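# Give me the fold of what follows.
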Amino acid sequence: MTNLSTDQKQNGYGFSLVSLTSLFFMWGLITSLNDVLIPRLKAVFELSYTEAMMVQFCFFFAYFVVSLPAGNLVKKIGYKSGIIIGLIIAGIGCACFYPAAAFQSYNYFLAALFVLASGITLLQVAANPYVTVLGDSETASSRLTMTQAFNSLGTTIGPWIGGILILSSATNAVENSVADASSVQMPYLALAGALILMAAIFAVLKLPTVEEEEETVAVPSEGSAWTYSHLVLGAVAIFLYVGAEVSIGSFLINFLGEANIAGLEEADAAKYVSFYWGGAMIGRFIGAIAMQFIPAGKALAFSALAASALVALAVFTDGQVAMWSILFVGLFNSIMFPTIFSLGLKGLGQHTSQGSGILCLAIVGGAIVPLLQGLLADTYGVQPAFLLAIACYVYIVFYGLKGSEPKS
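Numbering: from 1, shown residues only. Have a look, this model is predicted:
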């Protein structure tokens, strides 16, 4: 693992964690707005489910393209500089939504999403491992879970705000594509300003610098993070977890609009999406405390098993049972990302930066799995398509119980 000097340990932990927590909140809010964009752009451009899932594909494909270069960049320029550059790039991506709406081009929206996600990828590559070293390595999962809880606060607020500013305003406007598309301009322009402001603030903040320490699992010094089986298996777990979580969130508004589920209008359904992400927030606060006493692998396996059971209920029942079952999946998603991430990085030593890049690379699951679920939804319907998420969670059960054991 990476390490901090003794003086920095005494002076910078609390303040640094608070500063980093604001990043987790912001990228959570931005990511969850995709769940609102999908039904809006689907209606504006008259898309199939598969075509609409290109929103998530372009957003999360950026992780695949940018993660490894970002890991190398962060290793050269440091975590703080990586955070600043990531904020600037993300701000530019948000600003690009304004001309995309003006030109009424779905392709421009997809390009803007790719730029935005590239900045967030760099933020994740820099911030996630930084949090794991700001304290005792034994409580790294708990600490990262706590910061991820504020990420979930952002994802909880995001759909609510998006429902009001994007979906409601579009519904109240004249029903044409120009009015609908223009509803995204001001919200994303405001986000662009906030991100650039945060970049300026981080530029003047004094944060602890990170040093490398010797790895605790024996591998040749000239090796790479790819030689750690628990990291590689963890990357698969991240791929499937993010894919399942994003797929569920992406289809929630349409799922809740189904006549046999709740029959909700888009703006009303968007508010219920906040329950899905809000469950993740609550679960992370609980998990941050509970995982100081429960082995991370066992907690991960239990959560994945519970999530798969809830998805099965949502698929094979109707009405309120199906509705609340799928919304409660968020509660059990809560600890998965930070737990898999910290388990995957355990014992990587000087390869921690590369390992972080590999794990963030696997976030491309958020691009692939929703696209597959879109194909299933177009073929069999929205409700049966959720069966794909169950397969994802079953693998995560395996990783928690066996695959996460460190081996060189």
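
# Which positions within stretch 367-378 qualify as buried?
367-371, 373-378 (16 or more other C-beta atoms under 10 Å). Every C-beta, even on glycine, is put in place using the N, C-alpha and C of the backbone.

# So which of those are in helices?
If you go by DSSP state H, these have 367-371, 373-378 in helices.

# residues making contact with stretch 117-126?
Here stretch 117-126 makes contact (C-beta atoms under 8 Å, 6 or more residues apart in numbering) with 23, 27, 30-31, 58-63, 65-67, 70-71, 73-74, 79-80, 82-83, 85-93, 195, 353, 356-357, 360, 363.

# Could you pick out the buried ones from the residues you listed?
By 16+ other C-beta under 10 Å, those give 23, 27, 30-31, 58-63, 66-67, 70-71, 73-74, 79-80, 82-83, 85-93, 195, 353, 356-357, 360, 363 as buried.

# Quick one: mark the members of the contacts of stretch 117-126 that sit in helices.
23, 27, 30-31, 58-63, 65-67, 70-71, 73-74, 79-80, 82-83, 85-93, 195, 353, 356-357, 360.

# Let me see the ranges of the strands in the chain.
Ranges of strands in the chain, per DSSP state E, are 2-3, 211-212.

# And those, which one averages the lowest pLDDT?
With a mean of 46, strand 2-3 has the lowest mean pLDDT of these.

# Quick check: the residue lying closest to Val246 once chain neighbours are set aside vs Leu113, distance?
The spatially closest residue to Val246, leaving aside those adjacent along the chain, is Gly366, at 4.0 Å (C-beta to C-beta, 6 or more residues apart in numbering). Distance of Gly366 to Leu113, given as C-beta to C-beta, to the nearest Å: 12 Å.

# More neighbours: which of those two?
The residue with more neighbours, out of Gly366 and Leu113, is Gly366; 31 against 26, by other C-beta atoms under 10 Å.

# ok, that one - contacts?
56, 59-60, 63, 242-243, 245-246.

# now with 10 Å?
31, 34, 56-57, 59-64, 117, 238-239, 241-247, 249-250 (C-beta atoms under 10 Å, 6 or more residues apart in numbering).

# quick one, helices of the stretch 201-350 of the chain?
229-256, 266-290, 296-316, 319-333, 336-345 (DSSP state H, counting those that start in this stretch).

# In TSV: the ones you listed, plus mean pLDDT, mean neighbour count and distance to Lys402.
Listed next are these as TSV, based on pLDDT from 0 to 100; neighbours: other C-beta atoms under 10 Å; distance: least, C-beta to C-beta, whole Å:
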stretch	mean pLDDT	mean neighbour count	distance to Lys402
helix 229-256	95	25	9
helix 266-290	86	22	21
helix 296-316	96	20	8
helix 319-333	96	21	20
helix 336-345	90	28	12
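
# so which of those helices gets nearest Val44?
Smallest distance to Val44 across the helices of the stretch 201-350 of the chain (C-beta to C-beta): 11.9 Å, for helix 266-290.

# what's the distance between the closest one and the middle of its chain?
In terms of C-alpha atoms, centre = their mean, to the nearest Å, the centre of helix 266-290 is set 13 Å apart from its chain centre.

# Could you name the helices and strands sitting against it?
With contacts taken as 3 or more C-beta pairs under 10 Å, 6 or more residues apart in numbering; DSSP states H and E, helix 266-290 sits against helix 13-32, helix 34-44, helix 140-162, helix 169-172, helix 229-256, helix 296-316, helix 319-333, helix 336-345.

# In TSV: the ones you listed, plus distance to Thr121.
Formatted as TSV, the helices and strands packed on helix 266-290 follow (distance: least, C-beta to C-beta, whole Å):
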stretch	distance to Thr121
helix 13-32	10
helix 34-44	15
helix 140-162	14
helix 169-172	29
helix 229-256	12
helix 296-316	23
helix 319-333	20
helix 336-345	14
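
# gap between Lys156 and Ala280?
Just so we're on the same page, residue 156 is Thr rather than Lys. 8 Å.

# Show me whatever sits in contact with both of these two.
28, 32, 330.

# which residues does the last one contact?
The reference is to Gly330. Applying C-beta under 10 Å, 6+ apart, we find Gly330 in contact with 152, 155-156, 245, 248-249, 252, 273-283, 307, 310.

# now the buried residues of stretch 367-378 in TSV, with pLDDT and distance to Val125?
Listed next are the buried residues of stretch 367-378 as TSV, based on pLDDT from 0 to 100; distance: C-beta to C-beta, whole Å:
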residue	pLDDT	distance to Val125
Ala367	93	17
Ile368	95	20
Val369	96	21
Pro370	96	22
Leu371	95	23
Gln373	96	26
Gly374	96	28
Leu375	96	30
Leu376	97	31
Ala377	96	32
Asp378	96	34
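
# Format the residues you listed as CSV; extra columns: distance to Ser303.
Formatted as CSV, these follow (distance: C-beta to C-beta, whole Å):
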residue, distance to Ser303
Ala367, 23
Ile368, 22
Val369, 18
Pro370, 21
Leu371, 25
Gln373, 21
Gly374, 26
Leu375, 27
Leu376, 24
Ala377, 25
Asp378, 30
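
# and which of the residues you listed is nearest to Leu165?
For these, the nearest to Leu165 is Pro370 (23.3 Å; C-beta to C-beta).

# Just confirm that closest one contacts Val246, I think it does.
Yes - the criterion here is C-beta atoms under 10 Å, and Pro370 meets it with Val246 at 5.4 Å.

# Could you list the low-pLDDT ranges of this structure?
The chain contains residues with pLDDT under 70 at 1-14, 134-142, 168-180, 209-222, 408.

# what about 50?
Residue ranges of the chain with pLDDT under 50: 1-12, 172-179, 212-221.
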